[in-house]
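Asker: I would like the atomic coordinates for the input below:
(2 chains)
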Amino acid sequence: MAQLTYRDAVSMGIAQEMRRDPRVVFLGEDVAGAGGVFKATTGLLEEFGPKRIRDTPISEQAILGAAMGAAMTGLRPIAEIMFSDFLAVCWDLIANEIAKSRYMTAGQLAFPLVIRTANGGGSRFGAQHSQSLENWAMAIPGIKVVAPSTAYDTVGLLAAAVRDPDPVVFFEHKSCYPMKFDMPEQSGDIIEKLGEAKIVRSGSDVTIVALGLMVHRALDAAERLAADGIDAEVIDLRSLVPLDTNAILTSVSKTGRMFTVEENPRLCGWGAEIASIVAEEAFWDLDAPVIRITTPHVPLPSADSLEDATIPSASRIHETIRDQANR
Amino acid sequence: MTTMPSYEEYGNHNPVFPQPVNEANASLPIDQETRLRMYRLQQEIRLFEKRAYDLFLKGLVKGTSHLSLGQEAVAAGFAAAMNPKDWTFATYRGHAHTLARGVPMAPVMAELLGRANGLLGGKGGSMHLTSVEHGVMGSYAIIGAHLCVANGAAWTAQYNDTGQVAVAFFGDGTTNIGAFHEAVNFAKVWNLPTVFVCENNLYMEYTSISHVAPVPNPAADRASAYGLESVVVDGNDADAVYVAARQAIDRARSGGGPALIEAQTYRHGGHSRADPGKYRPEEEVKAWLDRDPIPMYHQRLLQLGVDEGQLSTIVADTVTAVDLATDDATAGPLPDLRTIYTDVWADGGSSWRN
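Answerer: Residues are numbered from 1 along each chain as shown, chains lettered A, B, ... in the order given. Here you go, the predicted model:
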């Protein structure tokens, strides 16, 4: 089976959509000539030229403003914000402008755009280049929030995001970029559906809900749990907004136990909302309290030993679930 | 060492007086039809804004509102210079720019009153007036962002080679926020057809712009940093505004890139409805009231041979239009509460889960 890195899946997804639709344009810092600081957009300038693949100044507000204005006048822009941490300097455009302007104008304006950004830790970059900010985005009414964990999903969900009529913040995980994944043979475009979680491992004893890099750690933990005689079901959420609550509730009704594995810091992490939904809607299906396995509520430290002990590891996930399940 | 002023002196500033009317502007090459249109637009904005103010006092307009009384010539001059397919990006002080593009008064008034027949069904309010069919691509209430957004529309025009131009209006206070600098730089390096229009009314909100900007012309004096010409125009003279607007818009339309124009003007009232504007020196207010753009323009048209009766008819028609709009707005029903849950997404709804 052919293999593809998550990094190359990004450029494959963008290229697929640009070949299909001449309205799709792509802008960001160092994305054209340099092919992106993570080399996730190499080859696009060569194929599509400088009219459609454009380098920008270091001006994140200008980048997202350009994407917003282009989207509302008929283009289908993809904007890159190099590190998700930089969303903080252009949050006005996302939270106040892009997310609210359809609503405020009673549907007169539309914002079919995608904001791609490199999210998450594991690179020893310290607290300003490593954050997991998907829960910030999830808190804003009016934007969709997607986070793929594999190469195939990166292509398919990016395609779905580009074709979606609403604004999507697309969190790529920077620790996933070098990972290689099997790509099933497929003729024609790869396209997935936003708002559909994927059961990436079936199991009957516990439900583990994860996102992005944490999906891989949850799968690793699930294998270790199997050796302990605990059969874990792992759900890759893939999208926080829309949220596939059916997949979660169905799994919890089967297993009776739920664990979330979240890279975002603990307070108001996405798992809190899911725990709340499960408590409200599946309380009588639960055999034990919902347990959230998260990064603690601290900024991320830089040193490898510290960072590895801060973000949930396969060992921490395994041990936490094993200890709880054996109670 | 910096010496700080005393408490009593802090915030005091020298009055800034208007330039005298440039009588030569009467001979600018502007046809009479355009001049009459600008006269009508200024009267429409003036009388609409006065009515909006009256409706606040009656408690019918809720929330806040930022009026363009005194600043009508900027909106009128630009609207007259724009093509119907060009795009306006306005601020929260956007009634004038919305009306100037031809949006009917009644839905605008109804929006201020929070009624179902409002331009946005009551979901946007005074600060977010938008009418896509008139090229009014939104009014934005966070300083600076919409300059960046205007660039995006200009990018579409450039990409599709449509010849459209995006015009973004903003106040003097905006020249101190990062988004202004990002947007102007971006427009220049991408050679976008964006025209940035600073309405310098001398006060960022309640504070004199001279207190917070290190240069006398907060927009024009920054233009050179972005490779742009420094343009200051008399914002209380519709003819001067129109000529500057045409020049910038025509150049942008033909691929000549962005422009930054500073129009000097003055608001007759405070920053918003809650502000009596007492921080302004009395003699300054008086001098600017004497330089009211509308009576000046009235006189100019008479000098140019327009019949007084024709102008009176325009005013009378406008009074009637404002009255009718007020009737329509006040008769409008309150919004259906179900609309709280509409138009978050393109599917018309607000669902975030299955």
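Asker: for stretch A:251-260, what is the average pLDDT?
Answerer: Mean pLDDT, computed over stretch A:251-260, is 98.
Asker: identify all contacting residues around the worst-scoring helix or strand of chain B on mean pLDDT.
Answerer: Lowest on mean pLDDT, DSSP states H and E among the helices and strands of chain B sits helix B:209-212, with a mean of 92. Residues outside helix B:209-212 that contact it (CB atoms under 8 Å, 6 or more residues apart in numbering or on different chains): B:11, B:13-14, B:16, B:172-173, B:176, B:200, B:202-204, B:216, B:218. Any C-beta I mention is one placed from the backbone N, CA and C, and that applies to glycine too.
Asker: which of those scores worst on pLDDT?
Answerer: B:Gly11 (71).
Asker: what is the neighbour count of it?
Answerer: Counted with other CB atoms under 10 Å in any protein chain shown, the neighbours of B:Gly11 add up to 12.
Asker: do the same with the one 10 residues further on
Answerer: Here the count is done by other CB under 10 Å, and B:Val21 has 18 residues near it.
Asker: would you mind listing what in the stretch 1-150 of chain A touches chain B?
Answerer: Within the stretch 1-150 of chain A, the residues that sit near chain B (CB under 8 Å from any CB of the partner chain) are A:25, A:51, A:54, A:56-57, A:59-62, A:64-75, A:77, A:92-93, A:96-97, A:101-110, A:112, A:141-142.
Asker: can you tell me which of those residues are buried?
Answerer: Those of these that meet the buried threshold are A:25, A:54, A:56, A:59-62, A:64-73, A:75, A:77, A:92-93, A:96-97, A:101-110, A:112, A:142, by 16 or more other CB atoms under 10 Å in any protein chain shown.
Asker: which residues touch A:Lys144?
Answerer: Neighbour list for A:Lys144: A:Ala161, A:Asp164, A:Asp166, A:Pro167, A:Val168, A:Val169, A:Leu194, A:Ser239, A:Val241, A:Pro242 [criterion: CB under 8 Å, 6+ apart].
Asker: mind checking which of the buried ones among the residues of the stretch 1-150 of chain A next to chain B land in helices?
Answerer: A:60-62, A:64-71, A:101-104 (DSSP state H).
Asker: before we move on, the earlier item: can you mark which positions in the least confident helix or strand of chain B are buried?
Answerer: Applying a neighbour-count criterion of 16+ other CB under 10 Å, one finds B:Ile209, B:Ser210 buried in helix B:209-212.
Asker: hang on, B:Tyr53 in a helix?
Answerer: Yes. Counting by DSSP: H, G, I helix; E, B strand; the rest coil, B:Tyr53 is part of a helix.
Asker: pLDDT below threshold where in chain B?
Answerer: B:1-2 (pLDDT under 70).
Asker: what about the helices in it?
Answerer: B:32-57, B:72-81, B:95-100, B:105-112, B:145-160, B:178-189, B:209-212, B:220-223, B:238-253, B:282-290, B:293-303, B:308-331.
Asker: do the same with the stretch 201-327 of chain A
Answerer: A:213-227, A:245-255, A:270-281, A:304-310, A:314-325 (DSSP state H, counting those that start in this stretch).
Asker: would you tell me which one of these is buried the most?
Answerer: Ranked by mean neighbour count, the helices of the stretch 201-327 of chain A are led by helix A:213-227 with a mean of 22 (mean count of other CB atoms under 10 Å in any protein chain shown).
Asker: the inter-axis angle of that one versus helix A:314-325?
Answerer: 50 degrees (axes from the mean of the first three to the mean of the last three CA atoms, to 10 degrees).
Asker: which residues sit against helix A:213-227?
Answerer: Contacts for helix A:213-227 (CB under 8 Å, 6+ apart): A:120, A:122, A:149, A:173, A:175-176, A:179, A:200-201, A:203, A:205-206, A:208, A:210, A:231-232, A:234, A:236, A:261-263, A:312-315, A:317-318, A:321-322, A:325.
Asker: 7 Å - rerun?
Answerer: Under the contact criterion CB atoms under 7 Å, 6 or more residues apart in numbering or on different chains, helix A:213-227 has outside partners A:120, A:122, A:149, A:173, A:175-176, A:200-201, A:203, A:208, A:210, A:232, A:234, A:236, A:261-263, A:312-314, A:317-318, A:321-322.
Asker: which of these fall within strands?
Answerer: A:His173, A:Val200, A:Arg201, A:Ile208, A:Ala210, A:Ala232, A:Val234, A:Asp236, A:Val261, A:Glu262, A:Glu263 (DSSP state E).
Asker: need those residues in TSV (columns: neighbour count).
Answerer: Converted to TSV, the ones in strands among the contacts of helix A:213-227 look like this (neighbours: other CB atoms under 10 Å in any protein chain shown):
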residue	neighbour count
A:His173	27
A:Val200	19
A:Arg201	17
A:Ile208	30
A:Ala210	28
A:Ala232	28
A:Val234	27
A:Asp236	26
A:Val261	27
A:Glu262	25
A:Glu263	32
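Asker: neighbours of B:Ile177, just the number please.
Answerer: 18.
Asker: surely it and B:Ile142 touch.
Answerer: No. Contact between B:Ile177 and B:Ile142 fails when scored by CB atoms under 7 Å: they sit 9.1 Å apart.
Asker: and the gap between the closest residue to A:Gln3 other than its chain neighbours and B:Thr174?
Answerer: Spatially, and ignoring its direct neighbours in sequence, A:Gln3 is nearest to A:Lys180 (4.8 Å; CB to CB, 6 or more residues apart in numbering or on different chains). Distance of A:Lys180 to B:Thr174, given as CB to CB, to the nearest Å: 49 Å.
Asker: which one of those two has more residues nearby?
Answerer: Neighbour count, other CB under 10 Å: between A:Lys180 and B:Thr174, B:Thr174 has more, with 24 against 12.
Asker: contacts only, for the more buried one.
Answerer: Per CB under 7 Å, 6+ apart, neighbours of B:Thr174: B:Ile143, B:Gly144, B:Phe180.
Asker: out of the residues you listed, who's nearest chain A?
Answerer: B:Gly144 (7.6 Å; CB to the nearest CB).
Asker: burial count for the closest one?
Answerer: 24.
Asker: show me the contacts for it.
Answerer: Applying CB under 7 Å, 6+ apart, the residues contacting B:Gly144 are B:Thr174, B:Ile177, B:Ala179, B:Phe180.
Asker: let's see that with 8 Å instead.
Answerer: Going by CB under 8 Å, 6+ apart, the list of residues near B:Gly144 reads A:Gln61, B:Phe170, B:Thr174, B:Ile177, B:Gly178, B:Ala179, B:Phe180, B:Ala183.
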